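*Asks:* Please work out how this folds:
(one chain, ligands or ions: 1)
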Amino acid sequence: MSIISRRSFILAATAVGAVALAGTMAFAELPKLAQKDTYKVGFAQTESNNPWRIAQTESMKAEAEKLGYQFVYTDAAGSAAKQVADVNSMIAQGVDIIFLAPREEKPLIPAVMAAKKAGIPVILLDRNVDQSLAKAGEDYVTFIGSDFIEEGKRVAEWLAKNANGKSKIIELEGTTGSSPANDRKKGFDEAITAAGGFTIVASQTGDFARDKGRQVAEALLQAHPDADVIYAHNDEMAIGAIAAIEAAGKVPGKDILVLSIDGGKEAVQAVVDGKINAVVECNPRFGPKAYETLARYAKGDAIEPWVINTDKFYDPSNAAAELANAY
Ligand code: GZL
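*Replies:* Numbering: from 1, shown residues only. Coordinates of the predicted model:
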């Protein structure tokens, strides 16, 4: 090989190497967000099967409109696979940023990575992804949401203080594989076990849905007639369980304690009425904090890996006074 052709070969090889490295580096970098007067934002919702999710969507939409942002919305109707496709469609539409409420922790990883590869930053809302597969600050900007382990723990701590001898627990779990279901179970089960004197006689998913919650509660009450506590991972299933308890000829809140998480108006009213004994709030109004985090990120602020939402607590001591503020 002549000197000239050898030299040009080395230059060419170096250039190819640099491009490949740059390409790899680009995938390793968290996409940035330019500071602009307006944005085209995507919100990939998991489903609209209950008041909580509807309130979350309304908050995200209303705040975007207030800011004059273009709002691209999709509803996965309860399918993680469709939610991945929804994110891919937002990428194709060239949104500036994607807000994603991942239905389950693992199946939405490809969506997070596809957005990153396309140079579009993702902010996770309300539900998280599996931390062994994707990381805040590397693969997505941050997770904005409640501490679900703490929510489950707070329910258990209230029960340990107020059970008055009741001890046989039926647990109605949220959507299988979702971070709120996983962590509300972990937080409650660990704390109630540590308290001693309680038994979880059955634990089954009601998919965060009212009617499924009612059906599962009916079946489990028949299988466990000695059950005297129902812990539901959300209000919808707790309200379904109330119907099941009454169908069994028992008094909810008295014969069988009912504990819940979310704190929607209907559940807080049920606390006032004595049918639910205590509820940990999980506020769905994400809009203000979501777009405030967008603005901070665009400005170049370092965003904490978890922007934590604080949750209120409702029981007979404050439910009537707090009812007007519930979502
Ligand atoms: C919690 C959220 C849960 C609510 C349910 O952040 O993901 O999903 O607790 C909703 O009501 O379906």
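
*Asks:* Roughly how far does the residue nearest in space to the middle of the chain sit from Ser178?
*Replies:* Centroid-nearest residue in the chain: Arg127, 2.4 Å away (criterion: C-alpha atoms, centre = their mean). Distance of Arg127 to Ser178, computed by C-beta to C-beta, to the nearest Å: 6 Å. To be clear about C-beta, it is placed using only N, CA and C from the backbone, and glycine gets the same treatment.

*Asks:* Identify the contacts common to those two.
*Replies:* 103, 105 (C-beta atoms under 8 Å, 6 or more residues apart in numbering).

*Asks:* for the ligand, what are the nearby residues on this structure?
*Replies:* Taking C-beta under 6 Å from any ligand atom as the criterion, the chain approaches the ligand at residues 50, 52-53, 126-127, 145-146, 180, 208, 234, 236, 261-262, 282.

*Asks:* Farthest pair within those?
*Replies:* Maximum pairwise distance among the residues of the chain next to the ligand (C-beta to C-beta): 18.2 Å, between Gly145 and Glu236.

*Asks:* neighbour count winner among the two?
*Replies:* Glu236 (30 against 22; other C-beta atoms under 10 Å).

*Asks:* show me the contacts for the nearest residue to the more buried one once chain neighbours are set aside.
*Replies:* Computed as C-beta to C-beta, 6 or more residues apart in numbering, the closest residue to Glu236 that is not its neighbour in sequence is Arg210, at 4.3 Å. Taking C-beta under 8 Å, 6+ apart, we find Arg210 in contact with 50, 236-237, 239-240.

*Asks:* mind redoing it with 7 Å?
*Replies:* Taking C-beta atoms under 7 Å, 6 or more residues apart in numbering, we find Arg210 in contact with 236-237, 239-240.

*Asks:* Likewise for Gly264?
*Replies:* Per C-beta under 7 Å, 6+ apart, neighbours of Gly264: 51-52, 235, 326-327.

*Asks:* got the buried residues for stretch 179-189?
*Replies:* Neighbour counts using 16 or more other C-beta atoms under 10 Å place 179-185, 187-189 of stretch 179-189 among the buried residues.

*Asks:* Now render those residues as TSV, adding secondary structure.
*Replies:* Shown next, in TSV, are the buried residues of stretch 179-189 (DSSP: H, G, I helix; E, B strand; the rest coil):
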residue	secondary structure
Ser179	helix
Pro180	helix
Ala181	helix
Asn182	helix
Asp183	helix
Arg184	helix
Lys185	helix
Gly187	helix
Phe188	helix
Asp189	helix
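
*Asks:* out of the residues you listed, which one sits closest to the ligand?
*Replies:* Pro180 (4.2 Å; C-beta to the nearest ligand atom).

*Asks:* how close does the closest one get to Glu104?
*Replies:* 11 Å.

*Asks:* do the same with Ala243
*Replies:* On the measure of C-beta to C-beta, Ala243 and Glu104 end up 27 Å apart.

*Asks:* Among these two, which residue is more densely surrounded?
*Replies:* The neighbour comparison of Ala243 against Glu104 (other C-beta under 10 Å) goes to Glu104, with 20 against 17.

*Asks:* Do you have the helices of the stretch 51-200 of the chain handy? List them.
*Replies:* Ranges of helices in the stretch 51-200 of the chain, per DSSP state H, counting those that start in this stretch, are 51-67, 80-93, 109-117, 148-162, 179-195.

*Asks:* which residues sit against the shortest one?
*Replies:* Here helix 109-117 makes contact (C-beta under 7 Å, 6+ apart) with 27, 31, 83-84, 87-88, 91, 98, 100, 122, 129-130, 133-134, 139-140.

*Asks:* would you turn the residues of the chain next to the ligand into a markdown table with pLDDT?
*Replies:* Output for those, formatted as a markdown table (pLDDT from 0 to 100):
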| residue | pLDDT |
| --- | --- |
| Asn50 | 92 |
| Trp52 | 96 |
| Arg53 | 97 |
| Asp126 | 97 |
| Arg127 | 97 |
| Gly145 | 98 |
| Ser146 | 97 |
| Pro180 | 98 |
| Phe208 | 97 |
| Asn234 | 98 |
| Glu236 | 98 |
| Ile261 | 98 |
| Asp262 | 98 |
| Cys282 | 97 |
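
*Asks:* what's the next secondary structure element after the helix or strand bottoming out on mean pLDDT in the chain?
*Replies:* Within the chain, judged by mean pLDDT, DSSP states H and E, the helix or strand with the poorest mean is helix 3-28; its value is a mean of 53. Going down the chain from helix 3-28, the next helix or strand is strand 40-45, by DSSP states H and E.
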